[in-house]
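Undergrad: here is my input; please provide its structure:
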Amino acid sequence: MGAVLFVTFQLFFYVNGFVRAHGATPTMTFEPDVLWVFPTFYGCWIITVLIALIRTRKAQWTALVLGSLMVFLNTLGGIADGVRDGWYVAFSAVFFITLPGVLAIVTTWRQLKSKGAHNVDE
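TA: Residues are numbered from 1 along each chain as shown. Prediction:
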């Protein structure tokens with residue numbers, strides 16, 4: 001959900017800049033061969049959640065590793081966008097992606113390390 005909020009805010013920032021410049025901002029274009037990366041990259045968030053719903057220890061470890069990687073990569077991408085577009089983009093990446101992501105990582109880690117995990121089957 002945080003990645004969706006970040007991308008939504010990033011689009012608002014872009015449109016706001018476009019309106020302020022009276023349509024003079026450069027258009028972002030992507031090569032057709034690269035366009036498959038975006039849905040694949042953001043689709044991994046959904047895959048991580050679906051894996052976590054399996055609720056086995058192995059699935060939770062997989063979700064922890066994949067989710068941590070997604071939080072890290074999305075934060076780096078947001079900070080890189082923030083360097084290009086402004087500090088507010090980097091702040092929104094940290095606020096919408098990193099903060100809830102770290103809380104989810106800590107919660108999953110605690111659940112995996114607890115000895116009496118009633119809801120996790122082997």
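Undergrad: quick check: longest helix of the protein.
TA: helix 57-85 (DSSP state H).
Undergrad: buried residues, the following helix or strand past it. List them.
TA: Sequence-wise, the next helix or strand downstream of helix 57-85 (DSSP states H and E) is helix 87-93. By neighbour count with 16 or more other CB atoms under 10 Å, helix 87-93 contains the buried residues 89-90, 92-93. To be clear about C-beta, it is placed using only N, CA and C from the backbone, and glycine gets the same treatment.
Undergrad: which strands and helices sit next to helix 87-93?
TA: Counting contacts by 3 or more CB pairs under 8 Å, 6 or more residues apart in numbering; DSSP states H and E, helix 87-93 packs against helix 2-20, helix 57-85.
Undergrad: tell me which residues are up against that helix.
TA: 5-6, 9-10, 13, 74-75, 77-79, 81-83 (CB atoms under 8 Å, 6 or more residues apart in numbering).
Undergrad: against residue 114, how distant is the residue of the chain most remote from its centre?
TA: Centroid-distance maximum for the chain: residue 22 at 31.0 Å, with CA atoms, centre = their mean. Between residue 22 and residue 114 the distance is 57 Å, computed by CB to CB, to the nearest Å.
Undergrad: again, but for residue 50
TA: 23 Å.
Undergrad: so where is this structure shaky, pLDDT-wise?
TA: 25-28, 115-122 (pLDDT under 70).
Undergrad: distance of residue 18 relative to residue 12?
TA: In this view, residue 18 and residue 12 are 11 Å apart by CB to CB.
Undergrad: go on, residue 98?
TA: Separation of residue 98 from residue 12 (CB to CB): 19 Å.
Undergrad: swap in residue 59?
TA: 35 Å.
Undergrad: please identify which of these two sits among more neighbours.
TA: Legend: neighbour count by other CB atoms under 10 Å for residue 59 and residue 12, higher for residue 59 (16 against 11).
Undergrad: which residues does the more buried one contact?
TA: Residue 59 sits next to 51-52 when contact means CB under 8 Å, 6+ apart.
Undergrad: and the residue nearest to residue 52 when sequence neighbours are not counted, how many neighbours does it have?
TA: Spatial nearest neighbour of residue 52, excluding adjacent residues (CB to CB, 6 or more residues apart in numbering): residue 63 at 3.9 Å. Residue 63 sits with 22 neighbouring residues when counted by other CB under 10 Å.
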